[in-house]
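Asker: Would you be able to build a 3D model of this:
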Amino acid sequence: MRQTNAPKKATNITLSADVLEQAKALGINISQACDQFLREQVRLEQERRWQKENAEFIAAYNQTVETEGLPLAEWRNF
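Answerer: Sure, this is the predicted structure:
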């Protein structure tokens, strides 16, 4: 996962007390774990939205490839 040097901003979140205690007992950096999880959730949502926004083009392109073949396929040497 890509790390960033973006500035940090303090925030308040509510976590289940039991899992918070266990994480602390295990030495897990709560801020880092939350940041990594949220970063992955943002990436997944951006990907989902991109796919939804581009679904029509992707379907049309796939149909073109199905009927006409891959562009430049005749020059492939593998």
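Asker: quick one: low-confidence ranges for this structure?
Answerer: 1-3 (pLDDT under 70).
Asker: which ones are touching the residue nearest the centre of the chain?
Answerer: Most central in the chain under C-alpha atoms, centre = their mean is residue 43, positioned 2.7 Å from the mean C-alpha point. Neighbour list for residue 43: empty [criterion: C-beta atoms under 8 Å, 6 or more residues apart in numbering]. C-beta coordinates here come from the backbone N, C-alpha and C atoms, glycine included.
Asker: separation between it and residue 77?
Answerer: Residue 43 sits at a distance of 35 Å from residue 77 (criterion: C-beta to C-beta, to the nearest Å).
Asker: what's the neighbour count on residue 34?
Answerer: 14 (other C-beta atoms under 10 Å).
Asker: That one contacts residue 13, doesn't it?
Answerer: Yes: in this structure, residue 34 is within contact of residue 13 by C-beta atoms under 8 Å, at 6.7 Å.
Asker: Longest helix in this protein, by number of residues?
Answerer: Taking DSSP state H as the criterion, the chain has its longest helix at helix 30-53.
Asker: Tell me the first helix or strand C-terminal of that helix.
Answerer: helix 55-68 (DSSP states H and E).
Asker: ok, residues contacting that next one?
Answerer: residue 51.
Asker: and that helix, C-alpha only, in CSV?
Answerer: C-alpha atoms of helix 55-68 as CSV (Å, rounded to 0.1, in the frame of the first residue of the first chain):
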residue,chain,number,x,y,z
ALA,A,55,-19.3,0.9,-17.7
GLU,A,56,-20.9,2.0,-20.9
PHE,A,57,-17.6,2.7,-22.6
ILE,A,58,-16.1,-0.6,-21.3
ALA,A,59,-19.1,-2.6,-22.6
ALA,A,60,-18.8,-0.9,-26.0
TYR,A,61,-15.1,-1.5,-26.2
ASN,A,62,-15.5,-5.1,-25.2
GLN,A,63,-18.1,-5.5,-27.9
THR,A,64,-15.8,-4.0,-30.5
VAL,A,65,-13.0,-6.3,-29.5
GLU,A,66,-15.4,-9.3,-29.6
THR,A,67,-16.5,-8.4,-33.1
GLU,A,68,-13.3,-6.9,-34.6
